[in-house]
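In: Using only what follows, build the 3D model:
(chains A and B)
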Amino acid sequence: MSDTGSSTSSQHPRLELKGITKAYPGVLANDHIDLKVLPGEIHALLGENGAGKSTLVKIIYGALKADAGTIRWNGNLIDIANPHAARKLGIGMIFQHFSLFEAMTVTENIALSMPGRQNMAKLSKRIVEISENYGLPLQPNRHVHTLSVGEKQRIEIVRCLLQNPKLLIMDEPTSVLTPQEADKMFLTLRRLSEEGVSILYISHKLDEIKALCHKATILRGGKYISECDPTVETAKSLAEMMIGTDLKAPKHDNTKERGQVRLKVHNLNMDSNDQFGVNLNLINFEVRSGEILGIAGVAGNGQVELLEALSGEALCKIPEAILFENKPIGDLGPSQRRKQGIAFVPEDRLGHGSVPEMSLVENAFLSAYGQKQLISNGFIDTKKTKQFAKEIVENFDVRTSGVSHAANSLSGGNLQKFIVGREMLQDPQLIIIAHPTWGVDAGAAASIHQAIIDLAAKGTAVLVVSQDLDELFAISNRMAVIAEGRLSVGRSVQELSIEEIGLLMGGTSKSDSQKEFESVA
Amino acid sequence: MTGYEWIIPVILTVITAATPLVFAGIGELVTEKSGVLNLGIEGMMLVGAVTAFVTATVTGNYFLAVIAAAGAGAFMAFLFGILTLSLMANQVATGLALTLFGVGISALIGQDFVGQPVQAIPKVDIAGLSDLPVVGQILFGQDPLVYLSFIMAIGVSWFLYKTKAGLILRAVGDSHDSAHSIGYSVVTIRYLAVMFGGAMSGIGGAYLSLIYTPMWAENMTSGRGWIALALIVFATWKPSLVIVGAYMFGGITILQLHAQAAGFDVPSQILSMLPYVATIVVLVIISKDESRIRKHAPACIGKIFHPAS
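Out: Coordinates of the predicted model:
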């Protein structure tokens, strides 16, 4: 801060929170949190799942009301009643789950968050101006459902920029982007920061925070822990501040011999039954016993369809397209595949992975009754099932007050641990895991990673589909990329760089990656 | 006979058969565009019909009768709103219950009025214009509600696609979570949309008991509420197509009546089925084009909105 600064904004922090407290029944989500963001500062908000970050930013954005504490804006005590009031002050927010309307055009989406009546033609013009000015190209008349995730995020950013924000809140903005798209976004953010816009940045990706942010505030268990300068910290030290203990990187033995081929997918073609879905195009790969194959890719490039084909939710026309231990299984349903020793952790944990209203015991029974012999004389063996559920809870550190609680009473991360545990404890020959640590905090993620590696060491073939490249690099032996329904050749992790993967994820526009995909077919 | 004279009364009756559907359909379209599925149209129409009839018989004031019918329909929809929007009951079950409730309560209210005649609302008579051959009676000689139905359809179309408020309403129907996070009051907007739908159904009912058959009979809507509901899907949520669908249904209804009168050798029951079957067949053919439905259908329809988190 220079002495010459005469405006109030250079003397006062843009935003200053003191003692913000918010309680939900049974939990103190925010417990006297302090936060200070200076003009033009990119400020990271760090913490595990459930540390209270989302609650805090919702309070700043006026979507929630704090029970206690004060908010100062440019030095003035204020009360933010609702998001409209926040936007009026100059606070913009970009949500992790986009708040967009799929059936509407880009312009209509943006008009909805602008105050008063809008001349659509003029608004379209301004959208084009702003988006070109900041390197975020957008076509105003496109319908949102036809856009890629990166483009959708541009709408969110442009929507905020149109209102000349003074503070931009971003909740995990890069979780859906390719590394290249993320780099482009960082350029925009740095430019905004130079123009004096403050940015409050939430992310789990610590490298990103080190590269981008000027300051970081760390929360743990709803409490303020410390403020630090992320550029001088290491990713490890930041993670340890977040979880409060030492972090163990997964141990990995990459030299071991792989066993025989467990899963072989040969020229798999499948048309999506969803209008906005992606058709699978000549997918080829194999997974060997003891091997972990990672499939990377930006969401919506055929992962859902591939997982449906592998789990048996969608049946193949040619049974031989999927071979399990050299037997065709492409035409078998999910339970028949389970019977042969294949386990699945689906993407959607409420609905596919579990029945939300049923208890953990019942959910344990539903996928494991065959492998664990939980049926006796046609009746459910309640005692055995309960024991199995308890075993999962103990081995995978599922935090619940009892196995008779409904699945949807668990937090996302805990339920994920339960589902992963349930599948792993069935000693499968092959396990297919979608997004193993999605929404799971750093500590629990590390333990799930270790469990996956240990399972593979025992000889199970593992297929992991994930968007998190760090995760895939940490656990897989080989990696492939899915883009627009096609799968690249699986390559050993040692000979791959994050840049190469990023290019493959970007799709088929690059000529090298084109070759990469074609060589499969 | 100069050839066209028989056609004028046919067109006139087609218009009277179609108008109640236009009202109910346009109203429900607004309700559905906001993301709410109200299956209670039949019930709201019946309550509107009996309210209009009783008001007209007692006061003799048609204007008041139509207003009362709209109010009664809106009140029914308000009850539906309390249950589904505030108390978050299942919309399908509540809508069905609303229809059953409407059938019962309208029968109760109308008990003493069954079979009583009422003078139908007079048609407008514009000196000069209404006397023109052919078009005079069709274009300038209708009852005021026919004109109102077209005004409402055009007005709703303009509202939905040309105004900010209409954009907000469609946004709430497309993604209530997004609308909520931007800061719109999803529940308030839906209350308004649901009550507008109820008022329009009420007027549709009033048309039946004051103009189509100027009398009150139990269950006199005879399934038109359900047809209105189907029309909206058939019309892929477009006001202009709702009118087309309503007139097609009306046209076939009248045609089969004439066919019955002409003594076709087909059981009358089958002829009576015709408008319903034809409308549903067309509906099925049109909804085969899934992309069309997907594009215009409100994505949040029938989903309960939990404003938490």
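
In: And stretch A:70-88, end to end?
Out: Using C-alpha to C-alpha, to the nearest Å, the gap from the first to the last residue of stretch A:70-88 comes to 19 Å.

In: Run through who's touching that stretch.
Out: A:8-9, A:11-20, A:59-63, A:89, A:91, A:93, A:113, A:115, A:163, B:181-183 (C-beta atoms under 8 Å, 6 or more residues apart in numbering or on different chains). All C-beta atoms are positioned from the backbone trio N, CA, C, and that covers glycine.

In: Find the helix or strand that the closest residue to B:W226 other than its chain neighbours is a member of.
Out: Residue nearest to B:W226 in three dimensions, not counting chain neighbours: B:E42, with 6.1 Å by C-beta to C-beta, 6 or more residues apart in numbering or on different chains. Here B:E42 sits within helix B:41-59, counting by DSSP states H and E.

In: Which helix or strand lies directly C-terminal to that helix?
Out: Following helix B:41-59 in sequence order, the next helix or strand is helix B:62-81 (DSSP H and E).

In: Counting neighbours, show which residues of that next one come out buried.
Out: By neighbour count, with 16 or more other C-beta atoms under 10 Å in any protein chain shown as the criterion, the buried positions of helix B:62-81 are B:62, B:65-77, B:79-81.

In: Grab the nearest non-local neighbour of B:P122.
Out: Taking C-beta to C-beta, 6+ apart, and ignoring the residues beside it in sequence, B:P122 has B:D143 as its nearest neighbour in space, at 7.0 Å.

In: just checking, that neighbour touches B:I211?
Out: Yes: with contact defined as C-beta atoms under 8 Å, B:D143 reaches B:I211; the gap is 5.6 Å.

In: what's the overlap in contacts for these two?
Out: Residues touching both B:D143 and B:I211 by C-beta under 8 Å, 6+ apart: B:A120, B:I121.

In: So which of these two has more stuff around it?
Out: Residue environment comparison for B:D143 versus B:I211 gives the larger neighbour count to B:I211, 22 against 19, counting by other C-beta atoms under 10 Å in any protein chain shown.

In: in the sheet, who's paired with A:L280?
Out: A:M270 (DSSP bridges).

In: isn't it right up against A:M270?
Out: Yes: distance between A:L280 and A:M270: 4.3 Å, which falls inside the contact criterion (C-beta under 8 Å).

In: which neighbours do those two share?
Out: Contact criterion C-beta under 8 Å, 6+ apart; residues bridging A:L280 and A:M270 by contacting each: A:E305, A:A309.

In: per-residue pLDDT, B:V54?
Out: The model reports B:V54 with a pLDDT of 95.

In: what's near enough to touch it?
Out: If you count contacts by C-beta under 8 Å, 6+ apart, then B:V54 has B:I109, B:G110, B:F113, B:W216 around it.

In: and if you look at A:R117?
Out: Applying C-beta under 8 Å, 6+ apart, we find A:R117 in contact with B:K164.

In: and the gap between it and A:L123?
Out: Here A:R117 is placed at a distance of 10 Å from A:L123 (C-beta to C-beta, to the nearest Å).

In: and if you look at A:A299?
Out: Taking C-beta to C-beta as the criterion, A:A299 is separated from A:L123 by 29 Å.

In: higher neighbour count, those two?
Out: For the pair A:A299 and A:L123, the greater number of neighbours falls to A:L123 (18 against 12), based on other C-beta under 10 Å.

In: From the contact counts, what lies against the strand or helix carrying the more buried one?
Out: Taking DSSP H and E as the definition, one finds A:L123 inside helix A:120-133. In terms of contacts (3 or more C-beta pairs under 8 Å, 6 or more residues apart in numbering or on different chains; DSSP states H and E), helix A:120-133 is packed against helix A:106-112, helix A:149-161.

In: quick one, the longest one and helix A:120-133 angle?
Out: Spelled out, that is helix A:149-161. The directions of helix A:149-161 and helix A:120-133 differ by 110 degrees, with axes from the mean of the first three to the mean of the last three C-alpha atoms, to 10 degrees as the criterion.

In: Select only the buried ones of the contacts of stretch A:70-88 in PyMOL?
Out: Provided next is the PyMOL selection string for whichever of the contacts of stretch A:70-88 are buried by 16+ other C-beta under 10 Å:
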select buried, (chain A and resi 9+12+13+14+15+16+17+20+59+60+61+62+63+89+91+93+113+163) or (chain B and resi 181+182+183)
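
In: Sort out for me which of the contacts of stretch A:70-88 are in strands.
Out: Filtering the contacts of stretch A:70-88 for membership in strands, criterion DSSP state E, returns A:L15, A:E16, A:L17, A:K18, A:G19, A:I20, A:I91, A:M93.

In: What number of neighbouring residues does residue 196 come out with?
Out: No chain specified, so I'll use chain A. As a burial measure, A:G196 scores 14 neighbours (other C-beta under 10 Å).

In: wrong chain, I was asking about chain B
Out: 25.

In: and it, that one's in a helix?
Out: Yes: residue state for B:F196 (DSSP: H, G, I helix; E, B strand; the rest coil) corresponds to a helix.

In: Give me the pLDDT value at it.
Out: pLDDT for B:F196: 97.

In: How about the residues of the stretch 401-521 of chain A by chain B?
Out: Applying C-beta under 8 Å from any C-beta of the partner chain, one finds that the stretch 401-521 of chain A does not approach chain B at all.

In: could you pull out the strands for the stretch 401-521 of chain A?
Out: When secondary structure is read from DSSP state E, counting those that start in this stretch, the stretch 401-521 of chain A shows strands at A:430-434, A:461-465, A:478-483, A:486-487, A:491-492.
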